[in-house]
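Asks: Here's a sequence, model it:
(chains A and B)
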There are 2 protein chains.
Amino acid sequence: MASLSYQAFYPIRCSSTRDNPDPHKQPMIKINGNSTTIKVDGLSQSTGAESTRTMVASMAENGCVTKEQSRQNIPTKKQLVDPFRHGLIIEAGVGYRQIVVIRSYEVGADKTATLESIHNLLQETALNHVWMSGLLGDGFGATHGMMRNNLIWVITRMQVQIDSYPIWGEIVEIDTWVGASGKNGMRRDWLIRSHTTGHVFARATRHDTWVMMNRETRRLSKVPDEVRAEISPWFINKKAIQEDVPEKIIKLNDNAKYVNSGLKPKRSDLDMNHHVNNVKYVRWMLETIPDQFLESHQLSNIILEYRRECGSSDVVQSLCEPDEDGNLEGVQEDTDINLLNGYSLASKSINGHGLLGFSDKWPLRKSGYCYFGDVELVVGKTTMGHGKGRLEESIALDDGRKEKNLFE
Amino acid sequence: MASLSYQAFYPIRCSSTRDNPDPHKQPMIKINGNSTTIKVDGLSQSTGAESTRTMVASMAENGCVTKEQSRQNIPTKKQLVDPFRHGLIIEAGVGYRQIVVIRSYEVGADKTATLESIHNLLQETALNHVWMSGLLGDGFGATHGMMRNNLIWVITRMQVQIDSYPIWGEIVEIDTWVGASGKNGMRRDWLIRSHTTGHVFARATRHDTWVMMNRETRRLSKVPDEVRAEISPWFINKKAIQEDVPEKIIKLNDNAKYVNSGLKPKRSDLDMNHHVNNVKYVRWMLETIPDQFLESHQLSNIILEYRRECGSSDVVQSLCEPDEDGNLEGVQEDTDINLLNGYSLASKSINGHGLLGFSDKWPLRKSGYCYFGDVELVVGKTTMGHGKGRLEESIALDDGRKEKNLFE
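Replies: Residues are numbered from 1 along each chain as shown, chains lettered A, B, ... in the order given. Below you'll find the model as predicted:
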């Protein structure tokens, strides 16, 4: 096996300045950009920047690493292969590929990977890409230059297109790379394929914006040259999803057909930023779609636009409205759905004509749901296809692509 | 790299008899054993046995595999190394070791692996052990012999002892093996260590009982010789946790100090058995412990005794009572806890004396919480230690053990 293997290094002891900031004390940050006002501290992919910046500065001054850093072993130089993560640098030195096996707890009752698991794997591979680059600070995806400048990532838009879902035990390879998005942003793309056949399961694109956390003005600032110089060599011009004009997502209000209210973030929903991880929104959204619909369909596309952070004390509601192509009237009449406080389904309706009759009426890949939780939290649009038959068909679509890589 | 690598094989097409049983139609199964009556269809680690048995019988008769099986590529013979999972057979051919890197979404806000993630990894490595053995049917850990005999696993007791928690990015190795537990059962043990230093993070033991799903009598039956012959060669006499007499777990009722009621299983809580996965209980239990307590402590021991299944339509409550060593009176008085419908904390109390003052009073490793959700669902006991300081101390405990393995 060709290897630039993961070097273990041992701690040179120094006093750690690491602290655990109280999540309840995180300041709310408003950023005034050109056209919109966005609160960003929940959607950011940053670290608790102040404490981390202090630590890194301290490290640099003292030439030592903390115990935690020694255990994490974050590389300080670009690394081409990570045997423990099954990761390697591709795309002429700037892209990243990771092979993962779909785990037992990443699949749902139908043995296919859940949408939440797919989002988790996208997040994981993105972070590991930065990890391999040698640019990762101690934060949640921020580079050293970003940390020195108090910069954080803010996700603005995420789209995932899923042709078919990998199943339990399936070996999957996830490619990811970055490119420019406008003047002040970055896009990250992913491609998820079967490692065995090359069959494409899913494509995804995320748009991030750099945001300068100026504690005085709290304004959006220009990206410093230092950071641009750090990141732009990794940019390539290649898109996983060919986007035309971004699809407009309508706003919903309390009159939406399905309302799941009273959603409270739990401790386990918080990530290393002490805020609700953006993947949790996906779970909340899917929970608002009636069960019997999801049992006969699989989501084929989801677009999310992040508008505001969600802190641990927020109470969220998730709204769902079928678009004009969709017809959920039958479901509403046939089942026992409580439109105000979530929904519960009478078992008679599930055993009766509610389930299958309904799925046949739903046009493949034409209908959608729209959601948002609280007015400005996140808006999204999903497209549902006939799911259950597609798992069996997915291998028939294989194109036989088979690339050699270092792990075979 | 020494390798008995993962062989890809391609489908010989045959008509699949796979179906997706409606989870709402799963029969409730009562099993009358020697002394207790247990409903098992939620706690089982089985597949939806009937449909899978039919499929495997069909496969055997036709000498072909389904597309799904081709994609999963479950080995039919014992396999010594699985490069994609970083798995290998150890312990003279009967134990299993897997190396995993703690992922970004497996850690909490403090960057340490969550208890739920640890349980997930225990489940995953147990299944992969069976996977490597060549004995795995299509089900959730059931062997071919068990499937032919309509046998399922039922977890009866699980204990996890955690000395310290691995952190984001840390490379961890998990060893697991099985042994006899009484006449009609099996125990499975795990050891979770730092791959770099050998430092032991956690130990775990699970006791399973074989249960015969006789559709007519629904009684507990003797383990057939066929299954005993299949599994017993894998037994070794080695314990990760030295247990004396199992600690008795008291029952709680609605008078418990903390009550988290109205917990409804979500679609995402269901596993491949179409029932609530047992790991979800852990989440529900932890959510009943007041946040500010968990923020200053880490769980060092959890014992779970499974009494009954949880179906998708059950409404669960989780109860929590400090034991006689514990004193939560201060918390109740100082904070805004709603004892009937979950709890919410006034931010003033967190910023005040509720948090740290309280943690100092709590005796390290002596106090516990007890829970159950619904009367017969699961009972458990946790022991909490001072957590937040321990992360920093864990490397000081390293013993420098460093074993060579195939992935270096």
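Asks: tally of neighbours for A:Glu116?
Replies: Neighbourhood size, A:Glu116 [other Cβ atoms under 10 Å in any protein chain shown]: 18. To be clear about C-beta, it is placed using only N, CA and C from the backbone, and glycine gets the same treatment.
Asks: Does anything pack onto the one helix or strand it maps to? Which helices or strands?
Replies: Here A:Glu116 sits within helix A:115-133, counting by DSSP states H and E. If contacts are counted by 3 or more Cβ pairs under 8 Å, 6 or more residues apart in numbering or on different chains; DSSP states H and E, helix A:115-133 sits against strand A:81-82, strand A:87-90, strand A:95-101, strand A:151-162, strand A:171-180, strand A:185-194, strand A:200-212, helix A:278-288.
Asks: so can I have TSV of the ones you listed showing mean neighbour count?
Replies: Compiled in TSV, the helices and strands packed on helix A:115-133 are given as follows (neighbours: other Cβ atoms under 10 Å in any protein chain shown):
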stretch	mean neighbour count
strand A:81-82	20
strand A:87-90	21
strand A:95-101	22
strand A:151-162	23
strand A:171-180	22
strand A:185-194	21
strand A:200-212	23
helix A:278-288	22
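Asks: Which strand residues bridge the residue nearest to A:Val160 when sequence neighbours are not counted?
Replies: Distances taken as Cβ to Cβ, 6 or more residues apart in numbering or on different chains place A:Ala204 nearest to A:Val160, at 4.4 Å, with adjacent residues excluded. Under DSSP bridges, the beta-bridge partners of A:Ala204 are A:Val160, A:Trp190.
Asks: Model confidence for A:Ala204, exactly?
Replies: Note on A:Ala204: pLDDT of 97.
Asks: can you check A:Thr47 too?
Replies: With respect to pLDDT, A:Thr47 scores 30.
Asks: got the residues of the stretch 51-200 of chain A near chain B?
Replies: A:67-68, A:70-74, A:83-86, A:99, A:101, A:103-105, A:107-111, A:114, A:116, A:120, A:123-124, A:127, A:131, A:140, A:166-171, A:194-196 (Cβ under 8 Å from any Cβ of the partner chain).
Asks: number of nearby residues for the residue of the stretch 1-150 of chain A found nearest chain B?
Replies: The stretch 1-150 of chain A approaches chain B most closely through A:Gln72 (3.9 Å), counting by Cβ to the nearest Cβ. Counted by other Cβ under 10 Å, the residues lying close to A:Gln72 total 21.
Asks: what sits against it?
Replies: For A:Gln72, the contact set (Cβ atoms under 8 Å, 6 or more residues apart in numbering or on different chains) comprises B:Ile167, B:Trp168, B:Gly169, B:Glu170.
Asks: If we use 6 Å, what do you get?
Replies: With contacts defined as Cβ atoms under 6 Å, 6 or more residues apart in numbering or on different chains, A:Gln72 is in contact with B:Gly169.
Asks: Quick check: phi and psi at it.
Replies: Per-residue torsions, A:Gln72: phi -70, psi -30 (degrees, to the nearest 10).
Asks: Same check on the one 3 residues further on?
Replies: According to degrees, to the nearest 10, the main-chain angles of A:Pro75 amount to phi -70, psi 140.
Asks: Which residue, neighbours along the chain excluded, lies closest to it?
Replies: According to Cβ to Cβ, 6+ apart, the nearest residue to A:Pro75 is A:Gly134 (5.3 Å).
Asks: what about that neighbour, how many residues close to it?
Replies: Look at A:Gly134: counted by other Cβ under 10 Å, it has 14 neighbours.
Asks: Give me the angle between the helix or strand containing A:Leu304 and helix A:278-288.
Replies: Following DSSP H and E, one finds A:Leu304 within strand A:297-306. Using axes from the mean of the first three to the mean of the last three Cα atoms, to 10 degrees, the direction of strand A:297-306 lies 130 degrees away from that of helix A:278-288.
Asks: neighbouring contacts of strand A:297-306?
Replies: By Cβ under 6 Å, 6+ apart, the surrounding residues in contact with strand A:297-306 are A:43, A:115, A:155, A:157-162, A:249, A:365, A:378-385, A:387.
Asks: For chain B, give me its nearest residue in the stretch 101-250 of chain A.
Replies: Of all residues in the stretch 101-250 of chain A, A:Gly169 sits closest to chain B, at 3.9 Å by Cβ to the nearest Cβ.
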